[in-house]
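Chemist: model this:
(one chain, ligands or ions: 1)
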Amino acid sequence: MDRLDKLLAATGRWSRREVKGLVKAGRVLVDGVPAAAPEQKLDPDRSRVLVDGEEAVFREFTYVMLNKPAGVLSATEDARQETVLDLLPPELRRRGLFPVGRLDKDSEGLLLLTNDGDLAHRLLSPKYHVDKVYYIRTDAPLTEEDRAAFAGGVLLADGTECLPAGLEPLGDGREALVTLHEGKFHQIKRMIASRGAAVCRLKRLSMGTLVLDEGLRPGGFRLLNEEEVMKIGGKP
Ligand code: URA
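Modeler: Next up is the predicted model:
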């Protein structure tokens, strides 16, 4: 048995304070009866809770899509610098979420935050070949030769061999889509450096089946919907 306010706050849609207001206003029904108090106990597997007529879904794990802005660390905490967890409200921060993989501080775009350790492991393990697609801007045009070099597997300056990767130059060649099948430290920046250019902007657009919601402003986030959770291999 769990408290009603705890369960509703855990959906990420309302804070406990908001739940209190909803209950007081009679907008929360538990098995068809207006909830008596935010502290009311119930079994989330047996009881049906409606808020303004809409069923509340209680999930074991939380999956958040963040449009990471540049200038924020992909970490859970840092003594000095702002982290991606600092961008979330307290009711989500309390759930032990962590970023699945890292984007550099100056990189932007899709970051999945979850407390589902199994899923994180599967998404990051090279065994599962989860493709990641990035939009990049460079200081010099990329060419057909660069595309061929990426396709053949780039050798980095320190001797590290990269797996074959996709490079699709766009427009005048100073923009491109890059598809990686692995995730080495500063990988794209180092791959582009090996071709004699530098990355000026880097934004992740997708990770496996999960595509950045372009409706999210930089720093904006939302919970994954049920279809996204299923497709990415999470637990609905
Ligand atoms: N490659 C990079 O160099 N940086 C990132 O943030 C992601 C991929």
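Chemist: So which bits of this structure are right by the ligand?
Modeler: Residues of the chain that fall close to the ligand, judged by C-beta under 6 Å from any ligand atom: 103-104, 107, 186-189, 202. Any C-beta I mention is one placed from the backbone N, CA and C, and that applies to glycine too.
Chemist: Just the buried ones from those residues?
Modeler: 103-104, 107, 187-189, 202 (16 or more other C-beta atoms under 10 Å).
Chemist: Can you flag which of these belong to helices?
Modeler: Those of these mapping onto helices are 187-189, per DSSP state H.
Chemist: Torsion angles phi and psi at Arg16?
Modeler: Main-chain dihedrals, Arg16, degrees, to the nearest 10: phi -60, psi -40.
Chemist: Beta-bridge partners for Met207, please?
Modeler: Lys132, Leu210 (DSSP bridges).
Chemist: gap between it and Leu163?
Modeler: Separation of Met207 from Leu163 (C-beta to C-beta, to the nearest Å): 16 Å.
Chemist: out of those two, which sits in the busier spot?
Modeler: Met207 (23 against 13; other C-beta atoms under 10 Å).
Chemist: Verify the stated contact: that one with Ala120.
Modeler: No: applying C-beta atoms under 8 Å as the test, Met207 and Ala120 come out as separate, 11.3 Å apart.
Chemist: returning to that earlier point: could you dump the buried ones among the residues of the chain next to the ligand to JSON lines with pLDDT?
Modeler: Compiled in JSON lines, these are given as follows (pLDDT from 0 to 100):
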{"residue": "Leu103", "pLDDT": "98"}
{"residue": "Asp104", "pLDDT": "98"}
{"residue": "Ser107", "pLDDT": "98"}
{"residue": "Gln187", "pLDDT": "97"}
{"residue": "Ile188", "pLDDT": "98"}
{"residue": "Lys189", "pLDDT": "98"}
{"residue": "Leu202", "pLDDT": "98"}
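Chemist: lowest-confidence helix or strand of this protein?
Modeler: The helix or strand of the chain with the poorest confidence is helix 90-93; it has a mean of 83 (mean pLDDT, DSSP states H and E).
Chemist: neighbouring contacts of that one?
Modeler: 9-10, 12, 14-16, 62, 64, 85 (C-beta atoms under 8 Å, 6 or more residues apart in numbering).
Chemist: Could I get the contacting residues of Arg27?
Modeler: Residues in contact with Arg27 (C-beta under 8 Å, 6+ apart) are 51-52.
Chemist: Likewise for Arg102?
Modeler: 74-75, 183.
Chemist: Please, where are all the helices along this protein?
Modeler: With helices called from DSSP H, the chain shows them at 4-10, 16-24, 90-93, 117-124, 144-152, 187-193, 226-232.
Chemist: Could you export those to JSON lines, including columns for distance to Asp213?
Modeler: Below are these laid out as JSON lines (distance: least, C-beta to C-beta, whole Å):
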{"stretch": "helix 4-10", "distance to Asp213": "22"}
{"stretch": "helix 16-24", "distance to Asp213": "23"}
{"stretch": "helix 90-93", "distance to Asp213": "17"}
{"stretch": "helix 117-124", "distance to Asp213": "18"}
{"stretch": "helix 144-152", "distance to Asp213": "27"}
{"stretch": "helix 187-193", "distance to Asp213": "22"}
{"stretch": "helix 226-232", "distance to Asp213": "9"}
